[in-house]
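Engineer: need coordinates for the following:
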Amino acid sequence: MPLATAELIRRGETLPMLVGGEWRVSGGFETKEVTNPATGEVIAKISYGGRSVAKEACDVANSAFSAWATMSTRGRSDILLRASELIAQRAPQIGELLSIETGKLLNEAVGEVRFSAEYFKWFAEEIRRPRGEVFSLEDPTRRQMTITRPIGVVASLTPWNFPISIQARKLAPALAAGCSVVARPSEKAPVAVSELFRALVDAGVPDGVVNLIYGSASEQSYALIEHPGLRAVSFTGSTEVGSSLMRFAADRIVRCSLELGGDAPFIIFADADLDAAIDGLFIAKFRNNGQSCIAANRVLVSREVFDEVVERIAKRASLLKVGDPMAERTVDIGPLIDSARVRDVASIVGEALSKGASFIGDSPSVPEGANYFRPGFLKDVPRDCRLARDEVFGPIAGVFPFDSEQEALELANDTEMGLAGYAYSKDSSRIFRIAEGLNVGILGLNHSLPSVVYAPMGGVKRSGLGREGAHLGLEEFTETTYLSIGVS
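Structural biologist: Predicted coordinates for the structure are as follows:
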């Protein structure tokens with residue numbers, strides 16, 4: 001049986017929003033086209049609203065909150081487990097939609113959908129565990145304890161690069177905690193997300209508890225935050241936008257959970273297993289076509305093995321196959337999301353080349369047109385270039401030598417960002433020194449795929465506030481009440 005979203009696309013119908021349990025395209029909404037970044041073809045149209053639909057969605061979420069919050073944890077858990085099962089069952093079809101709208105490799109897209117299902121399963125199980133504390137008895141006339149309760153209505157504001165998994169990482173703990181949600185995903189990749197919400201509806205989430213809207217990011221985000229019923233906003237995106245949302249939320253003291261930009265260092269020490277390090281580098285750099293907040297952004301290599309590492313990555317990068325993931329299932333890298341992303345990456349690379357940097361190795365063949373960009377690494381990059389200081393968000397990274405462990409740490413920490421980092425070394429003592437000295441929230445040590453549902457993800461410095469995943473992710477959506485009870 002085809003997915004509902006796929007059937008709507010086949011018939012050329014506009015994809016609806018979900019407000020108060022109703023899938024709707026009426027109400028004078030505009031429409032916006034969604035294109036395949038590999039071909040430029042229009043693949044779908046979505047309903048596109050403004051402030052009014054954001055306000056209405058928040059109204060219905062506020063009305064639905066109380067019943068959902070007071071439902072038994074067993075009841076909420078059963079619904080979320082059912083949602084997890086449906087998402088996992090539909091993963092191959094949803095993954096195809098995701099690959100078409102984002103250009104990511106099909107195996108990565110299907111894997112992302114399955115990963116999303118795991119969030120709902122884990123948090124469904126987590127809420128069955130006891131919450132709160134009972135304090136030790138110091139005064140026989142009092143008993144003291146804490147209880148937790150859901151914070152209220154949550155705004156989930158998500159980007160296009162991992163549209164399913166990032167949305168699930170916010171929805172699953174918020175719903176598990178007993179919150180109702182208004183979600184605004186990116187209009188650049190809304191198609192697969194629609195199926196995530198259909199799975200939640202099919203699983204039995206009550207009307208109004210989950211709401212899906214599309215529209216101007218600035219208009220709808222600020223309309224949600226100023227709504228008196230909204231109590232928390234969970235945002236993943238750029239540091240600039242996150243800072244703006246946080247300032248606006250301060251007026252109403254709305255809780256903010258922010259996962260923002262990254263500038264991840266990837267450190268290779270001379271004693272590293274170079275085969276494993278280079279395998280890890282290519283995963284950390286080129287996953288999702290280089291468009292990841294935790295992607296390797298600056299490659300720092302011990303001068304003792306610098307020439308060898310450069311030679312190895314030159315050979316390997318030249319063999320990368322670039323193309324349309326849905327047309328050629330053997331490609332290694334697909335297109336960037338749109339022409340604006342291509343222009344920004346080209347600007348970063350152009351500046352570095354103009355200042356004396358050069359590509360390492362021969363160029364892989366890149367298709368003409370659409371949104372493809374030559375992947376690879378650059379050396380001799382001046383430290384004042386954007387390639388050495390800014391998040392690239394594309395399949396490019398600079399490679400820089402270092403002479404000591406201390407210098408590696410100084411170079412790695414020489415950034416305002418602190419989301420993720422990676423380091424490869426066989427020295428167990430050094431591994432702990434790096435773990436304690438690197439200013440990041442997520443650290444892959446001799447490993448380049450740190451994301452799991454049961455561990456907390458988030459950054460330090462200008463990379464964000466709060467954590468997603470694990471029990472800490474659940475706490476982002478709960479309030480703690482302290483009880484002091486007099487007894488005779």
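
Engineer: now for the host helix or strand of Ser218, which elements pack on it?
Structural biologist: If you go by DSSP states H and E, Ser218 is part of helix 217-226. Counting by 3 or more CB pairs under 8 Å, 6 or more residues apart in numbering; DSSP states H and E, the packing neighbours recorded for helix 217-226 are helix 51-70, strand 153-157, strand 180-184, strand 230-236, helix 239-250. Where you see a C-beta, it was placed from the backbone N, CA and C, and this is true even at glycine.

Engineer: closest to Met417 out of those?
Structural biologist: Closest to Met417 of the helices and strands packed on helix 217-226 is helix 239-250 (CB to CB; 7.4 Å).

Engineer: tell me the first helix or strand C-terminal of that closest one.
Structural biologist: Later in the chain than helix 239-250, the nearest helix or strand by DSSP H and E is strand 255-259.

Engineer: hmm, who's touching that next one?
Structural biologist: By CB atoms under 8 Å, 6 or more residues apart in numbering, the residues outside strand 255-259 that reach it are 151, 166, 170, 231-236, 242, 245-246, 249, 293, 419, 457-459, 463-468, 476.

Engineer: could you give the angle of the helix or strand where Ser47 lies to helix 51-70?
Structural biologist: Ser47 is located in strand 42-48, with elements delineated by DSSP H and E. Going by axes from the mean of the first three to the mean of the last three CA atoms, to 10 degrees, strand 42-48 is angled at 80 degrees with respect to helix 51-70.

Engineer: hmm, who's touching strand 42-48?
Structural biologist: The contact list for strand 42-48 (CB under 8 Å, 6+ apart) reads 8-9, 14-17, 24-25, 29-36, 100-101, 187, 190-191, 214-215.

Engineer: how about a cut-off of 6 Å?
Structural biologist: 9, 14-17, 25, 29-36, 100, 190-191, 214-215 (CB atoms under 6 Å, 6 or more residues apart in numbering).

Engineer: in strands, which of those residues fall?
Structural biologist: Met17, Glu30, Thr31, Lys32, Glu33, Val34, Thr35 (DSSP state E).

Engineer: and stretch 63-74, what's buried?
Structural biologist: Ala64, Phe65, Trp68, Ala69, Met71, Thr73 (16 or more other CB atoms under 10 Å).

Engineer: could you check the angle helix 239-250 makes with the helix holding Ser218?
Structural biologist: Using the same axes, to 10 degrees: helix 217-226 against helix 239-250 is 30 degrees.

Engineer: pLDDT of helix 217-226, averaged?
Structural biologist: With pLDDT averaged residue by residue, helix 217-226 scores 95.

Engineer: mind listing residues that contact it?
Structural biologist: Counting by CB under 6 Å, 6+ apart, 50-51, 54-55, 58, 155, 157, 182, 184, 230, 233, 248-249, 254 sit against helix 217-226.

Engineer: got the buried residues for that helix?
Structural biologist: Neighbour-count burial for helix 217-226 [16+ other CB under 10 Å]: Glu219, Gln220, Ser221, Tyr222, Ala223, Leu224, Ile225, Glu226.
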